[in-house]
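Engineer: Fold the stuff below for me.
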Amino acid sequence: MVPINTNGTPHARLINALSADDPSVRLRAAMAVGSTPDPGLLETLVERCGVEPDLFVRDTLSWALMRYSPEITLPRIRQELDSDCAQARSQALHTLSKIGDKAAWDWITRDMLHDADDETARTAWRVAVYLVPESEEKDLTDELVTQLGRGNRSLQLSLSRALADLGDVVEPALEKAAADPDPAVAEHAGATRLLLKSRQADRDAATEKAKRAVTPAPERANAVTAAEAEGATER
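Structural biologist: Numbering: from 1, shown residues only. As a prediction, the model looks like this:
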């Protein structure tokens, strides 16, 4: 752990505030660090991510880390991906998704996608889908479908959303999984296929709406032409 300086310096006060009993004090401290990023507090921020119990404070810690240069932040966050602490791994993945550096794709391992901790696995699925290069989408799909049927409804919905976000590339794998002898896998695959089709329908509807917005319908065009002609006659 980072030693806490007790001489009353700004660093010492912020370090103490980040571990205060009151979550509102911790939140303000994280905002203060993010507002004026100081490399001397980077280690403290990363360590707090692994132990901070409050969701809003954790999000603010991730925001504060985003305020640092990626050249400084990313190598330290990468170390947390191998932590024995599930929360440290999960929050490191979450922070990577916020930073959005595509180079971090190479850090997402098969073990992370299969992590025994549900929250870590859930976060890894989301980050992997966000960072994956197009050439790797099929391989990622193959890994994700092995998790079908896992966990409770909330976890399964997270996996379904991650798969649906990959788009049409997942359809063959889902079709195969829908015939799996394990009923939990088959049911989850079927539900995910429905979500994928719903997403596709929404995209198609949005595309058609956009086309209508920029291309007048024939009857609208005819009405405009008729009005113009009538105006010209009156003049």
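
Engineer: So which bits of stretch 53-69 are buried?
Structural biologist: Taking 16 or more other Cβ atoms under 10 Å as the basis for neighbour counts, the residues of stretch 53-69 that come out buried are 57-62, 64-65, 68. All C-beta spots, glycine's among them, are computed from the backbone N, C-alpha and C.

Engineer: Equivalent analysis for stretch 102-110, please.
Structural biologist: Along stretch 102-110, the positions that meet the burial threshold by neighbour count (16+ other Cβ under 10 Å) are 104-105, 107-108.

Engineer: In helices, which of those residues fall?
Structural biologist: When these are checked against helices (DSSP state H), there are no matches.

Engineer: can I get those residues in TSV with distance to Gly40 and pLDDT?
Structural biologist: Shown next, in TSV, are the buried residues of stretch 102-110 (distance: Cβ to Cβ, whole Å; pLDDT from 0 to 100):
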residue	distance to Gly40	pLDDT
Ala104	24	94
Trp105	30	95
Trp107	25	96
Ile108	30	96
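
Engineer: distance of the closest residue to Gln91 other than its chain neighbours from Arg28?
Structural biologist: Excluding the flanking residues, the one nearest Gln91 by Cβ to Cβ, 6 or more residues apart in numbering is Cys49, at 4.1 Å. Spatial separation of Cys49 from Arg28 under the definition Cβ to Cβ, to the nearest Å is 17 Å.

Engineer: Between those two, tell me which one has more neighbours.
Structural biologist: With other Cβ atoms under 10 Å as the criterion, Cys49 and Arg28 differ in neighbour count, and Cys49 comes out ahead with 26 against 17.

Engineer: Got phi/psi on Gly151?
Structural biologist: Geometry field for Gly151 lists phi and psi as phi 70, psi -170, criterion degrees, to the nearest 10.

Engineer: That one reaches Ala116, doesn't it?
Structural biologist: No: with contacts counted by Cβ atoms under 8 Å, Gly151 stays clear of Ala116, the gap being 11.1 Å.

Engineer: out of these two, which sits in the busier spot?
Structural biologist: Between Gly151 and Ala116, Gly151 has the larger neighbour count (other Cβ under 10 Å), namely 16 against 8.

Engineer: Could you give the number of residues near the residue lying closest to that one once chain neighbours are set aside?
Structural biologist: Among residues not flanking Gly151 along the chain, Asp118 sits closest, at 5.5 Å (Cβ to Cβ, 6+ apart). Here the neighbour count serves as a burial measure; for Asp118 (other Cβ under 10 Å) it reads 16.

Engineer: Cys85 too?
Structural biologist: Residue neighbour count, defined by other Cβ under 10 Å, stands at 15 for Cys85.

Engineer: any idea how far the residue lying closest to it once chain neighbours are set aside lies from Lys98?
Structural biologist: For Cys85, the nearest residue in space outside its immediate sequence neighbours is Gly50; the separation is 4.9 Å by Cβ to Cβ, 6+ apart. Between Gly50 and Lys98 the distance, using Cβ to Cβ, works out to 16 Å.

Engineer: returning to what we had before: tell me how far the residue nearest to Cys85 lies from Met31.
Structural biologist: From Gly50 across to Met31, the span is 19 Å (Cβ to Cβ).

Engineer: quick one: which of those two has more around it?
Structural biologist: Of the pair Gly50 and Met31, Gly50 is the one with more neighbours under other Cβ under 10 Å, namely 19 against 14.

Engineer: quick one: the more buried one and Thr95, what's the gap?
Structural biologist: Going from Gly50 to Thr95 by Cβ to Cβ gives 11 Å.

Engineer: what does Leu113 give?
Structural biologist: When Cβ to Cβ is the yardstick, Leu113 and Thr95 sit 18 Å from each other.
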